[in-house]
Structure formats: C-alpha cells, structure tokens
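A.B. asks: predicted model follows, preceded by the sequence.
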Amino acid sequence: KHTNCFFVHIVRDRSATVDSILRVRRERLGSEESWWSLRPAGFEALASEPPRKQVEWQCQRIQESLEEGLSAHPGRSITCRLEDLCNNPEEELAKIMAAYEDAAGTTVAVKGEAIKSV
C-alpha cells in the first residue's frame with residue numbers, strides 16, 4: 001500500500017510446477033525429502049508427508065498468498081499464463097504493458113526487435 005509497484009503474476013500448470021520443485025529437490029539437494037524454495041507458515045506439519053504431497057501443499061499455499069496479496073491492490077497487477085507468454089510473447093507483453101500503462105497513467109515506448117516465440 002505504500003508503493004506504486006505493478007506486479008506481473010505468471011502462473012504455470014500446477015503439476016508442472018510440482019514436478020519442477022521435486023526435480024530441484026533431487027538434482028540440487030540430493031533427495032526429494034529435502035525442502036526447497038519458499039516455506040509457507042505451517043510447513044513443519046508436513047515433514048512426515050510424502051514429498052509430492054508436501055510440494056502440492058506448498059504450491060497451493062503460495063498461490064493462495066499471492067492471490068490474497070494481489071487482490072488487496074486491484075488494478076496494480078496482471079496475471080498471465082507461462083504457456084501464453086512463451087508461445088505468444090509479443091501479444092502477452094502488449095497486454096502486460098497495456099495493464100501497466102493503465103495502472104501508471106502513462107505510456108511506455110516499445111523499443112527493439114520483436115521477441116520470437118519459442
């Protein structure tokens with residue numbers, strides 16, 4: 001509430017996010033049992049649960065917290081899907097910039113070459 005920040009909330013398929021976090025646990029920490037990334041309040045209560053259940057809970061809690069925070073500041077954020085951003089970057093960036101311009105009350109000049117889709 002004490003800033004004029006604008007947030008771009010990029011959402012990703014939940015199962016892909018869970019798989020990604022589990023992969024990081026294995027590859028970087030040596031085990032799916034090791035906690036990685038944000039630790040929402042109450043995460044200790046899941047210590048005895050299977051890793052997939054831990055990560056599903058973790059993702060759900062983080063998503064809920066993000067949505068709660070963003071809803072408290074209407075007009076200061078935009079949500080876009082990662083797949084859309086990867087598949088149609090120019091279109092998604094145009095939407096993001098339009099939302100930012102509305103929030104900021106200003107326009108932003110586009111510079112540089114178009115971004116190629118992946």
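C.D. replies: It's in.

A.B. asks: can you show me the helices along the protein?
C.D. replies: With DSSP state H applied, the chain shows helices at 14-29, 51-71, 82-87, 89-104, listed in chain order.

A.B. asks: against which helices or strands is the first one packed?
C.D. replies: This means helix 14-29. Contact here means 3 or more CB pairs under 8 Å, 6 or more residues apart in numbering; DSSP states H and E; on that basis helix 14-29 packs against helix 51-71. Where C-beta positions appear, they are placed from N, C-alpha and C, glycine not excepted.

A.B. asks: ok, Arg39 - contacts?
C.D. replies: Arg39 makes contact with Gln58 under the criterion CB atoms under 8 Å, 6 or more residues apart in numbering.

A.B. asks: farthest residue from the center of this protein?
C.D. replies: The outermost residue of the chain relative to its centre, with distances by CA atoms, centre = their mean, is Ser48 at 26.7 Å.

A.B. asks: circling back to that earlier point, how about CSV for the helices of the chain, with mean neighbour count and distance to Val8 added?
C.D. replies: Shown next, in CSV, are the helices of the chain (neighbours: other CB atoms under 10 Å; distance: least, CB to CB, whole Å):
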stretch, mean neighbour count, distance to Val8
helix 14-29, 14, 17
helix 51-71, 15, 10
helix 82-87, 14, 9
helix 89-104, 15, 6
